[in-house]
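> Can you look at this prediction? I've put the sequence above it.
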Amino acid sequence: MAMGKEYPHKKDEMTKVNLHFGVACWRKGELQRIKHKITLPIAKAAVNPQPEPWPEIAGRLVVNKWRRDVLTVTPWLAPIVWAGTFDPDIIDEAVKHQNLTIATTVFAVAKYTRFLRDFLETAEKHYMVGLSVHFYIFTDQPNAVPTNVTMAAGRRVSVIKVPKFSRWQEISMRRMEFIEKAIEEDIRHKANYIFCVDVDMQFHSRVGAEILGRLVAVLNPWLHKSNRDNFSYERGTVSTAHIPVGKGDFYYAGGFFGGAVGEVHDLVKACRANLEADRAVKVEARWQEESHVNRYLLTNKPTKVLSPEYIWDEELGSGGAEIQVIRYATVRKNMKEVRENV
Ligand SMILES: CC(=O)N[C@H]1[C@@H](OP(=O)(O)OP(=O)(O)OC[C@H]2O[C@@H](n3ccc(=O)[nH]c3=O)[C@H](O)[C@@H]2O)O[C@H](CO)[C@H](O)[C@@H]1O
Ligand SMILES: [Mn+2]
């Protein structure tokens, strides 16, 4: 076949492949294998396929590049949200007319009140901008909640007083029961979605309506590349948070979960009950309520998973090439100084 005329590709789009094969035949009274090599012209695109650009919808590009370097869908077909997998403008346009209210709970107990100002100020810049957000601040010191942070229209803060427990682990775990109660008494009448986040964090970039879903969890930035058997699940069989080796999907962070109010109520209620069951037999799961959240999400699969962009830790530096943007990140803190116990 003459190249060029009959072949549909241009010359610079072509490359060559070598095919090696063996033929068995009788030679000198024994069966021998004769090696053959032939060289064939082939389109470069067939050897090294390039990703197709995303389609244009209504005249605009949906996403300018897609992600082939990371997992973008779970085995149960929930999206995993990374930069480049969504178009913020299309998402904002889609939710604009839905009149949504997003409750957001944050605990600032004992010395953690110091994180509130930066949390709120950066949230005003990057978190659910343009949407109604109702922050619920749970604290033992209502007077320490900054009152002069400028909030955009439709956004507000409520303060709920909670007791101070003596151990940081206890403060962290007990969040489940206070969130459960607040949903039952107030939030379920007022909000469509609820997100429950750590306070020792700052927003650095957009965290918007792309995170909305029925049950949403975030990949823990320390373990998102680990093998499931290295996940720091609770392995002791006495705890109700126990996940055996060989089981588990991802290791989710305790510092950011959420979803539709009813779904999150089910989650915090189940975790609160399991924390109480553990307390009754005097066990505490390895990572407190984070272990229980992971156990719950093994049975109740999240409908949307957020990449570690959404709960980064500055101790990990800027991350690998797959971390293209850091949206919400832990503030470096001196544990000895801020925690009640070490
Ligand atoms: C980013 C992330 O996924 N963090 C999780 C991780 O530890 P962290 O090391 O991030 O825990 P942490 O010290 O931030 O405590 C969790 C949260 O509890 C609150 N707090 C804690 C101590 C205190 O004295 N006052 C106070 O208000 C505060 O809202 C804080 O953000 O594991 C914890 C359980 O072991 C929790 O699941 C955290 O959510
Ligand atoms: Mn934290």
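Yep, that arrived. Ligands and ions are numbered 1, 2, ... in the order given.

> Number of residues surrounding the residue of the stretch 151-300 of the chain found nearest ligand 1?
Ligand 1 sits closest to residue 254 of the stretch 151-300 of the chain, with a gap of 2.1 Å, by Cβ to the nearest ligand atom. Every residue, glycine included, has its C-beta placed from N, CA and C. For residue 254, the tally of surrounding residues (other Cβ atoms under 10 Å) stands at 23.

> State the pLDDT value of it.
The model reports residue 254 with a pLDDT of 98.

> show me what contacts it?
When contacts are counted by Cβ atoms under 8 Å, 6 or more residues apart in numbering, residue 254 is found next to 172, 198, 287-290, 293.

> filter those to the buried ones?
Under a neighbour-count criterion of 16 or more other Cβ atoms under 10 Å, the subset of the contacts of residue 254 counted as buried comprises 172, 198, 287-290, 293.

> now, which of these sits nearest residue 102?
Residue 102 has its nearest neighbour among the buried ones among the contacts of residue 254 in residue 198, at 16.8 Å by Cβ to Cβ.

> Help me confirm that residue 104 comes into contact with residue 137.
No: taking contacts as Cβ atoms under 8 Å, residue 104 lies outside contact range of residue 137: 9.4 Å.

> Between those two, which has more neighbouring residues?
Between residue 104 and residue 137, counting by other Cβ under 10 Å, residue 137 is the more crowded of the two (24 against 21).

> For that one, which non-adjacent residue is spatially closest?
residue 159 (5.1 Å; Cβ to Cβ, 6 or more residues apart in numbering).

> Give the next helix or strand downstream of whatever helix or strand that neighbour lives in.
Taking DSSP states H and E as the definition, residue 159 sits inside strand 156-161. Tracing the chain C-terminally past strand 156-161 and defining elements by DSSP H and E, one meets helix 168-173 next.

> Format the CA atom coordinates belonging to that following helix as CSV.
What follows is helix 168-173, C-alpha atoms only, in CSV (Å, rounded to 0.1, in the frame of the first residue of the first chain):
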residue,chain,number,x,y,z
TRP,A,168,-9.3,17.7,73.4
GLN,A,169,-10.4,14.3,72.2
GLU,A,170,-13.6,14.7,74.2
ILE,A,171,-14.2,18.2,72.8
SER,A,172,-13.8,16.8,69.3
MET,A,173,-16.0,13.7,69.8
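
> List the contacts of it.
The contact list for helix 168-173 (Cβ under 8 Å, 6+ apart) reads 107, 109-110, 164-165, 254, 275, 284, 288-289, 339-341.

> thinking again about what came up before, adjacent strands (with direction) for whichever strand or helix holds the residue of the stretch 151-300 of the chain closest to ligand 1?
With elements delineated by DSSP H and E, residue 254 resides in strand 252-260, which encompasses its position. When sheet partners are counted by DSSP bridges, strand 252-260 sits next to strand 193-197 (antiparallel), strand 215-219 (antiparallel).

> follow-up on the earlier one: against ligand 2, which of the buried ones among the contacts of residue 254 make the cut? List them.
Filtering the buried ones among the contacts of residue 254 for neighbours of ligand 2 using Cβ under 5 Å from the ion leaves residue 198.

> Tabulate the contacts of residue 254 in TSV, adding columns for pLDDT, distance to residue 210 and secondary structure.
Putting those into TSV (pLDDT from 0 to 100; distance: Cβ to Cβ, whole Å; DSSP: H, G, I helix; E, B strand; the rest coil) gives the following:
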residue	pLDDT	distance to residue 210	secondary structure
172	92	27	helix
198	98	20	coil
287	97	27	coil
288	97	29	helix
289	97	25	helix
290	98	23	helix
293	98	21	helix
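
> Enumerate every residue touching the residue nearest to residue 137.
Counting by Cβ under 8 Å, 6+ apart, residue 159 makes contact with 137, 139, 142, 145.

> Buried members of these into ChimeraX, please.
For selection in ChimeraX, the members of these meeting the burial criterion (16+ other Cβ under 10 Å) are listed in this command:
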select :137,139,145
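
> Now do the contacts for residue 103.
Residue 103 makes contacts with 133-134, 136, 187, 190-191, 193-195, 261, as judged by Cβ under 8 Å, 6+ apart.

> in the stretch 1-150 of the chain, which spans are helices?
For the stretch 1-150 of the chain, the helices defined by DSSP state H, counting those that start in this stretch cover 44-47, 88-95, 116-126.

> could you dump those to CSV with mean neighbour count?
Conversion of those to CSV gives the following (neighbours: other Cβ atoms under 10 Å):
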stretch, mean neighbour count
helix 44-47, 12
helix 88-95, 13
helix 116-126, 18
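
> weakest of these in terms of mean pLDDT?
Ranked by mean pLDDT, the helices of the stretch 1-150 of the chain bottom out at helix 44-47, which scores a mean of 67.

> how about the residues of this structure that lie near ligand 1?
Taking Cβ under 6 Å from any ligand atom, the part of the chain that reaches ligand 1 is made up of 107-112, 168, 171-172, 198-200, 253-255, 287-290, 311, 330, 339-340.

> quick revisit: Serialize the contacts of residue 159 to CSV and add fields for pLDDT.
Listed next are the contacts of residue 159 as CSV, based on pLDDT from 0 to 100:
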residue, pLDDT
137, 98
139, 98
142, 98
145, 98
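
> Just flag the most distant two among the contacts of residue 159.
Farthest apart among the contacts of residue 159 - using Cβ to Cβ - are 137 and 142, which lie 8.4 Å from each other.
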